[in-house]
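A.B. asks: Predicted model, plus sequence, below.
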Amino acid sequence: MDLLLEWQTSGTYADALLAAADQRHIFANPSDRGLLHALVFGVLRHKTMLDIWLEELNLRGRLTDPVRWILRLGLFQLLKMGVAAHAAVDESVNLTYEEKPLVNAILRRAIEEKEHLLAIEVDAPVHERYSLPDFLVERWRWLFGEEGMMKLVELMGQPAETFVRLNRLQPWAEVPVGLAPVEGMPDFFRAANVPRAALEDGTCYVQDPSTWFACALLDPKPGQRVLDACAAPGGKAAILAQFMENQGPLVATDTSSRRLKRLSENLSRLGVTNAECRNVDWTAENVPDDGQRYDRILLDVPCSNTGVMRRRVDVRWRVTPAVVAEMADVQWRILAATIPRLAPGGRLVYSTCSLEPAENDSQVERVLAEFPHLQLLEKKLITPHATGFDGAFAALFESQG
């Protein structure tokens, strides 16, 4: 409950709060850590529906924030997780220092009226049933049709699978026992339990298969000069280095010293030896030009994250049409600053983890209009409901002179 209350008041992302909690606590049983993550992410993933149920059950009126979060947790366990009724009620009552009789009464009423509450969920509008912004549901209906939209919203209401990539830069890299290969993606594996030793020695890296496609489109060769302009935390930069066989300069830039430190640590652990990490803000008014021109540029730009909502649960509570427009502006500034760094005959990949046309196809159209020396060779949209992977977009351009 304390983590959820902090999420509400601090504006900090849930995964950051959980990471801090993991550092503070030593879990005697790994399943306790898993349960904490499942409860926090689950309540945030279903908050709208939990509040609708709570409004139906609460006859008293206004609730304090701590009591409301406790009741959301209890309802989530009862109606979504299938936790035993007595355990969910007892745990919720024990969490509160106030209103114990009220918490007990509301949750016991939820047990008695379970079928009625589930019927309310079935009849609720799609955006309420799946706790999603209404504008996003309508956009997905327009983009993917009714059937595609429903598959997508159902998927966004579920936890994402964990995938790991086998790192070919480490000469000893072998597939750890217990990993299931992803069809058509030879270096990617499903991992119910991520092998810690394989992560620590750089054999594997936790990474969704969707991250591979932008790098494969760019297809950098050994000896080429390559720029990864938005590189932290380094998953795509490591793939680029693997394509390059650690030969030729790979310049990996980001704006934050904290993220650059993590980027450098990740690349070192993964055996990347050809990368130079630099602090560069490509959105600045006048980015200094060192005269370097690149054979390959990857722009994996900041975005609204609508394609990765299963992993970044907070997105559903933060994304708005205004946020999408703001991110599109940031993306364009990065494009405008980096395209002049592309060498004649060079190739550039623009990529996002967004499903929004304003961040994807519209940016491609603007690039072609304002930089006529660039030719679009290929573009790809990866949708979660079609692949089971995270959502991603990538467009490949080539300089004609």
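C.D. replies: Good, I have the coordinates. Residues are numbered from 1 along each chain as shown.
A.B. asks: Could you use CA atoms for every contact and neighbour count after this?
C.D. replies: Noted.
A.B. asks: in the stretch 1-150 of the chain, what spans have low per-residue confidence?
C.D. replies: Applying pLDDT under 70 to the stretch 1-150 of the chain picks out residues 1, 26-30.
A.B. asks: residue with max distance from the center of this structure?
C.D. replies: If you look at how far each residue of the chain sits from its centre, by CA atoms, centre = their mean, the farthest one is residue 101, at 39.4 Å.
A.B. asks: which element is that residue on?
C.D. replies: helix 100-112 (DSSP states H and E).
A.B. asks: Would you mark the buried spots in the next helix or strand after that helix?
C.D. replies: Following helix 100-112 in sequence order, the next helix or strand is helix 114-123 (DSSP H and E). Residues 117, 120-121 are the ones in helix 114-123 that count as buried (16 or more other CA atoms under 10 Å).
A.B. asks: what do you get for stretch 121-139?
C.D. replies: 121, 126-133, 136-138.
A.B. asks: Show me the helices in the stretch 1-150 of the chain, by range?
C.D. replies: With DSSP state H, counting those that start in this stretch as the criterion, the stretch 1-150 of the chain has helices at 2-10, 14-24, 30-45, 47-57, 65-76, 85-95, 100-112, 114-123, 126-129, 134-156.
A.B. asks: Rebuild these as CSV, extending it with distance to residue 335.
C.D. replies: CSV is the format used below for those (distance: least, CA to CA, whole Å):
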stretch, distance to residue 335
helix 2-10, 32
helix 14-24, 29
helix 30-45, 33
helix 47-57, 37
helix 65-76, 42
helix 85-95, 50
helix 100-112, 52
helix 114-123, 43
helix 126-129, 33
helix 134-156, 25
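A.B. asks: Need the winner for burial among those.
C.D. replies: Of all the helices of the stretch 1-150 of the chain, helix 65-76 has the most neighbours on average by mean count of other CA atoms under 10 Å, namely a mean of 23.
A.B. asks: Could you break the chain into its assigned domains?
C.D. replies: Using automatic domain parsing, the domain ranges for the chain come out as 2-124, 159-206, 208-399.
A.B. asks: Distance from the chain centre to the last one, please.
C.D. replies: Okay, so that is domain 208-399. Computed by CA atoms, centre = their mean, to the nearest Å, the chain-centroid distance of domain 208-399 equals 15 Å.
A.B. asks: do the same with the first one
C.D. replies: Using CA atoms, centre = their mean, we find the averaged C-alpha position of domain 2-124 to lie 23 Å away from the chain's own average C-alpha position.
A.B. asks: Repeat that for the second one.
C.D. replies: The chain centroid and the centroid of domain 159-206 are separated by 18 Å, computed with CA atoms, centre = their mean.
A.B. asks: ends of that domain, how far apart?
C.D. replies: This stretch, domain 159-206, spans 15 Å end to end (CA to CA, to the nearest Å).
A.B. asks: Quick check, central residue of this structure?
C.D. replies: For the chain, the residue nearest the mean C-alpha position is residue 308 (3.8 Å; CA atoms, centre = their mean).
A.B. asks: Quick check: chain neighbours aside, which residue is closest to that one?
C.D. replies: The shortest distance from residue 308 to any non-neighbouring residue, by CA to CA, 6 or more residues apart in numbering, is to residue 390 (5.3 Å).
A.B. asks: Make sure that neighbour is actually in contact with residue 355.
C.D. replies: No. Taking CA atoms under 8 Å as the definition, residue 390 is not a contact partner of residue 355, at 10.1 Å.
A.B. asks: Which neighbours do the two have in common?
C.D. replies: Common contacts of residue 390 and residue 355 (CA atoms under 8 Å, 6 or more residues apart in numbering): 307, 383.
A.B. asks: For residue 267, see how far away residue 260 is.
C.D. replies: Residue 260 sits 10 Å away from residue 267, going by CA to CA.
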